[in-house]
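Q: Provide a 3D model corresponding to the input given below.
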Amino acid sequence: MDFLLQVKIGALFGLLVLTLIFGSIPARLRWFRDTSGTETHRVVLSFISCFAGGVFLAACLLDIIPDYLSDISTELQGDFPLAEFIMAMGFFTVLIVERLVLSCSGRRDEERAPLLPAGHAHGHENSYRSMDQLESSGHSGHHVHVDRQAHSSFRSFMLFLSLSLHSIFEGLAIGLQDTDSKVLEICIAILVHKSIIVFSLSLKLVQSAVPPLWVAAYILVFSMMSPLGITVGIAVMEAQLASGALVQAVLEGLAAGTFIYITFLEILPHELNSSDQPLLKVLFILLGFSIMAGLSFLG
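A: Below is the predicted model of the structure:
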């Protein structure tokens, strides 16, 4: 076994272990799962959630979309904006599937309210504390968009799916390198990046009331995606096969469209709907975005 292959295998196990560790923090600690704590606890948890929202916004605008556009531009040429069209197809796929899921499950009323309602929605002023009151007022004739439904399980699954697909391509980038220094450089950048991403993903899964066993399964599968990409890259390098760049680029585009939907119609509206501490929430969203932007600049 040559040294380059050893470095790639080391990167594979390093990514797997560290992603599992950071992903298990919100899932294992009761502090992140507790929704009946003190007011201070709820405020701090909300700010952490806003930070995660900023992380996902940066991942969408500074990582996933640029990577996709860079890859697709080398594969497709023409006057029609096909790269943007593929992203739109990813967006509409999630939108249509989610509407169908809600219609078939009889939960259309839960998502009827606008994601960013005009004025101050009285149901959001303290959604954790007055959950039962909100539900009872929702049945009296005026619908209230209850916080518990803001993070739907379906949207959380789509978030997990799009991030997992992107993680495979990140791992593929490591597996296809032909120098050990480049492998280490990319691996370190992905380790820092994925540690923050998987923590934020785990937090969103917990907030979506996903059962603990499913959260553990999501995090385990997500942790295996980059190692899987590395394995595929190593196999391609060893067998001297074509990488299938066009197929990869199309899949990246669909994942990017999915991530646009989740980021702008699920994560950010949920954090910004509440009238509690709006400026501080924006500050924490900006903080999460800035950290990821700094990592992108350095890496």
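
Q: make it CA atoms for all contacts and neighbour counts henceforth
A: Fine.

Q: residues in contact with residue 212?
A: 27, 206 (Cα atoms under 8 Å, 6 or more residues apart in numbering).

Q: could you redo the last one with a cut-off of 10 Å?
A: 27, 28, 33, 205, 206, 218 (Cα atoms under 10 Å, 6 or more residues apart in numbering).

Q: The first one and residue 220 touch, don't they?
A: No - applying Cα atoms under 10 Å, one finds residue 27 not in contact with residue 220, separated by 11.7 Å.

Q: picking up where we left off before, please identify which of the contacts of residue 212 is nearest to residue 169.
A: Nearest to residue 169, judged by Cα to Cα, of these is residue 218 at 18.0 Å.

Q: Hmm, that closest one is touching residue 163, no?
A: No - assessed by Cα under 10 Å, residue 218 is found out of contact with residue 163, at 11.1 Å.

Q: how close does residue 270 get to residue 159?
A: 14 Å (Cα to Cα, to the nearest Å).

Q: Could you do residue 192 as well?
A: Distance from residue 192 to residue 159, by Cα to Cα: 19 Å.

Q: same for the helix or strand harbouring residue 170, what does it pack against?
A: Assigned by DSSP states H and E, residue 170 belongs to helix 153-175. Secondary-structure packing of helix 153-175 (3 or more Cα pairs under 10 Å, 6 or more residues apart in numbering; DSSP states H and E): helix 3-28, helix 65-73, helix 82-104, helix 180-207, helix 212-239, helix 245-262.

Q: re the thing from before, of residue 218 and residue 163, which one has the most company?
A: residue 163 (25 against 20; other Cα atoms under 10 Å).

Q: ok, the more buried one - contacts?
A: 56, 59-60, 64, 157, 194, 197-198, 201, 222, 225, 255-256, 258-259.

Q: What subset of those residues is buried?
A: The neighbour-count test (16 or more other Cα atoms under 10 Å) marks 56, 59-60, 64, 194, 197-198, 201, 222, 225, 255-256, 258-259 as buried among the contacts of residue 163.

Q: can you list the weak-confidence ranges in this protein?
A: Where the chain drops to pLDDT under 70, the residues are 1, 35-37, 102, 105-152, 239-245, 275, 299.
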